[in-house]
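# Here is my input, please return the structure:
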Amino acid sequence: MKNVTDSFVSLGHWPSAGSFGFNTDILATNLINLSVVLGVLIFFGKGVLSNLLDNRKQRILNTIRNSEELRAGAIEQLEKARARLRKVEIEADQFRVNGYSEIEREKLNLIDSTYKTLEQLENYKNETINFEQQKASNQVRQRVFQQALQGALGTLNSCLNSELHLRTISANIGILGAMKEITD
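Numbers count the residues shown, from 1 in each chain. Coordinates of the predicted model:
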């Protein structure tokens, strides 16, 4: 550090006799050169640097403004999407509730319809059973009547002789003739 201060002090002691020479003290010359270059840069480059910084500042501000606008737009879209989501959720809940009530209603209608169908089938079954019972009863009666008739005819044929047979026929003809006279 002493060399640096010595070089500034030695500047005041240069002879004014017009000799020109090189200063070989590297630290002193570098410091002088550096101060001259910095002074020139500050004097001439202040405007350029200021313009560059102002442009950079404006770009940063524009970017921040654009991102704020995009953020505001995104927040607005998010709120719209949330509102639509709430609306859709409400509608889905309504559809779900209506669907469950519709399913219950259809279930009750199906159960009622099934009971009615079963009742009709039970009635048809009972009617069919009654019909078949009557049919079987009639068949049994016919068979019994046929067997009784065959038995009676067999008994009559074996018991009747021709004379008794002629008398029975004559008596029946007489009864028919008497009935004819009464009706005339």
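
# Which strands and helices lie in contact with the helix or strand hosting residue 64?
Here residue 64 is covered by helix 26-159, with elements defined by DSSP states H and E. Applying 3 or more CB pairs under 8 Å, 6 or more residues apart in numbering; DSSP states H and E, one finds that helix 26-159 contacts helix 2-11. C-beta coordinates here come from the backbone N, C-alpha and C atoms, glycine included.

# Could you give the average pLDDT over the helix it packs on?
When the per-residue pLDDT values of helix 2-11 are averaged, the result is 49.

# can you start the count at 885 instead of 1 from here on
Sure, I'll start counting at 885 from here, so that last one is helix 886-895.

# Report the separation between residue 1034 and residue 1041.
Using CB to CB, to the nearest Å, we find residue 1034 at a distance of 10 Å from residue 1041.

# now do residue 1054
Distance of residue 1054 to residue 1041, given as CB to CB: 19 Å.

# same thing with residue 1008?
As for residue 1008, its distance to residue 1041 is 48 Å (criterion: CB to CB).

# just to revisit the earlier point, so what's the gap between the helix holding residue 948 and the chain middle?
Averaging C-alpha coordinates over helix 910-1043 and over its chain gives two centres that are 2 Å apart (CA atoms, centre = their mean, to the nearest Å).

# lowest-pLDDT helix or strand in the chain?
The helix or strand of the chain with the poorest confidence is helix 886-895; it has a mean of 49 (mean pLDDT, DSSP states H and E).

# So, low pLDDT: which residues of the chain?
Under the criterion of pLDDT under 70, the regions of the chain flagged as low confidence span 885-912, 1044.

# now the residue nearest to the spatial centre of it: how far from residue 986?
Note on the chain: the residue nearest the mean C-alpha position is residue 976, at 8.3 Å, using CA atoms, centre = their mean. Relative to residue 986, residue 976 is positioned 15 Å away (criterion: CB to CB).

# Same question for residue 1050.
Note on residue 1050: its distance to residue 986, by CB to CB, is 89 Å.

# cool, residue 919 as well?
92 Å.

# ok, residue 964 - contacts?
For residue 964, the contact set (CB atoms under 8 Å, 6 or more residues apart in numbering) is empty.

# my bad, should have said residue 927
Applying CB under 8 Å, 6+ apart, no residues contact residue 927.

# How many residues are close by residue 975?
10 (other CB atoms under 10 Å).

# how many other residues sit next to residue 1056?
So residue 1056, with other CB under 10 Å, has 10 neighbours.

# Quickly find the element holding it.
Assigned by DSSP H and E, residue 1056 belongs to helix 1046-1067.

# That helix to helix 910-1043, inter-axis angle?
Between helix 1046-1067 and helix 910-1043, the angle formed by their directions is 110 degrees, by axes from the mean of the first three to the mean of the last three CA atoms, to 10 degrees.
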